[in-house]
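**Student:** need a 3D model of the following:
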Amino acid sequence: MESSRWVMSLGCCLVLGLTGCGSSSEVIVDDVPESENLFFTEQGRLFLSGGSSVFEVIKNADGTFQKLDMFHDDCLVEGTIQRYDYVYAVCSKTNFSEFADSYLLAGKLSDQPPTPDDVITPGVHPFMELSVIAPMTDVGIPNGIDVDEYGNIFISDSGKGDVFKIVLDEPMQVGSITVWDENTAFFVNGLNWVGGRLYYTGIKYGTLVSVLGYIERNADGTAGEREVLYERWGTVLDDFVPYAEGFVITDYLKGTLLYWLDGEIQETKSDTFFAPTAVMPTQGPMFEEGAFLVTEKGIIFNNNPAFGNRLGLYDPGFGL
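**Tutor:** Got it, this is the predicted structure:
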């Protein structure tokens, strides 16, 4: 969804003056160009994507944090996720000759997270490295990513508006990459499996209406009917996370977090964040529970951490 964000972000900060132009979060790590996505493992290890990097975030003895890069290629990374003992991510090339060439990345989780004393080269993960395991020739701009209970990986294609299904023969070997749901939404974005439904965000075709919806999974594993649960005009609902029977969603252009439950909305004030892209509830042992970590992309083409490009911590006070 990168090309759409360029236009929409410029329209936000230069024309409308409404969105993504401030932040109230506490900085956890900065200098994360194009800060994009994140996840926790069950053990509380934190992984983060941004620019052409995938990082593990670790805590220093003084309570500060540092990020350790695990991917060292020139490819714009979007979604990242854990599947069993491996970390997966998707990326696409942005240079002219390879524009929108897309790839699946993977690397095995180390047995333990590194400590600050394990770091040999500053900023580089001492134990883990992600590498390209397969091209995704039919995918335009890979973005959101999630894994179902059977170990299948699902990817949103923000360029074509489809959802793809990836079946792995081995952890580092792709068996097939196929369209699972066609024309899901314009700029289909975040993905999350909850039970037998794949929830997504995107924009309704032919409109400026951003939506949260779901795709029902049929008994044979194919994509079934879609249903839209929530609509919002003139913005971009980016990534989201299931939380307290509902969903916490980032509004990229308004710079907010909103909590959706059965059609009811709670929301932070506008410009709480610099163009938030993804959100995750805090988890021990590195963080106390009850708040949220938010990736803040900021102004496109501007890597100044004063204007996004960071991971922030914030308690929205939803009272959940």
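**Student:** nearest residue to residue 86 in space, please, no chain neighbours.
**Tutor:** Nearest residue to residue 86, sequence neighbours excluded (C-beta to C-beta, 6 or more residues apart in numbering): residue 171, at 4.9 Å. Placement of C-beta: from N, CA and C, glycine included.
**Student:** and for the residue lying closest to residue 233 once chain neighbours are set aside, the neighbour number?
**Tutor:** Using C-beta to C-beta, 6+ apart and skipping the chain neighbours, the partner closest in space to residue 233 is residue 209 (5.3 Å). Other residues within reach of residue 209, judged by other C-beta atoms under 10 Å, total 18.
**Student:** report the contact partners of the closest residue to residue 173 other than its chain neighbours.
**Tutor:** Nearest non-adjacent residue to residue 173, counting by C-beta to C-beta, 6+ apart: residue 133, 7.1 Å away. Neighbour list for residue 133: 104, 105, 106, 172, 173, 174 [criterion: C-beta atoms under 8 Å, 6 or more residues apart in numbering].
**Student:** now with 7 Å, please.
**Tutor:** 104, 105, 106, 172, 174 (C-beta atoms under 7 Å, 6 or more residues apart in numbering).
**Student:** could you do residue 292 as well?
**Tutor:** Contacts of residue 292 by C-beta under 7 Å, 6+ apart are 248, 257, 279, 280, 281, 282, 314, 316.
**Student:** in strands, which of these appear?
**Tutor:** Under the assignment DSSP state E, the contacts of residue 292 contribute 248, 257, 279, 280, 281, 314 to strands.
**Student:** most neighbours among the residues you listed, please name it.
**Tutor:** When neighbours are counted by other C-beta under 10 Å, residue 279 leads those with 26 neighbours.
**Student:** list the residues that contact that one.
**Tutor:** 239, 240, 241, 248, 250, 257, 292, 294.
**Student:** which stretches of this protein have low pLDDT?
**Tutor:** 1-21, 300-302, 304-306, 320 (pLDDT under 70).
**Student:** farthest pair in the contacts of residue 133?
**Tutor:** Taking C-beta to C-beta, the two most distant members of the contacts of residue 133 are 105 and 174; they sit 11.5 Å apart.
**Student:** neighbour count: the two, which is higher?
**Tutor:** Remark: of residue 105 and residue 174, residue 105 carries more neighbours, 23 against 17, as counted by other C-beta under 10 Å.
**Student:** distance check, that one against residue 187.
**Tutor:** Using C-beta to C-beta, to the nearest Å, residue 105 is found at 22 Å from residue 187.
**Student:** what's the answer for residue 248, then?
**Tutor:** Applying C-beta to C-beta, the value for residue 248 to residue 187 is 20 Å.
**Student:** what sits against the residue lying closest to residue 312 once chain neighbours are set aside?
**Tutor:** Once flanking residues are discounted, residue 312 sits nearest to residue 25: 2.8 Å by C-beta to C-beta, 6+ apart. When contacts are counted by C-beta under 7 Å, 6+ apart, residue 25 touches 273, 294, 296, 312, 313, 314.
**Student:** the fourth one and residue 294 touch, don't they?
**Tutor:** Yes. Counting by C-beta atoms under 7 Å, residue 312 does reach residue 294; the two are 4.9 Å apart.
**Student:** what residues are bridge-paired with the residue lying closest to residue 148 once chain neighbours are set aside?
**Tutor:** Closest residue to residue 148 apart from its sequence neighbours, by C-beta to C-beta, 6+ apart: residue 193 at 5.0 Å. Beta-bridge pairing of residue 193 under DSSP bridges involves residue 198.
**Student:** then residue 168?
**Tutor:** Note on residue 168: beta-bridge partners residue 174, judged by DSSP bridges.
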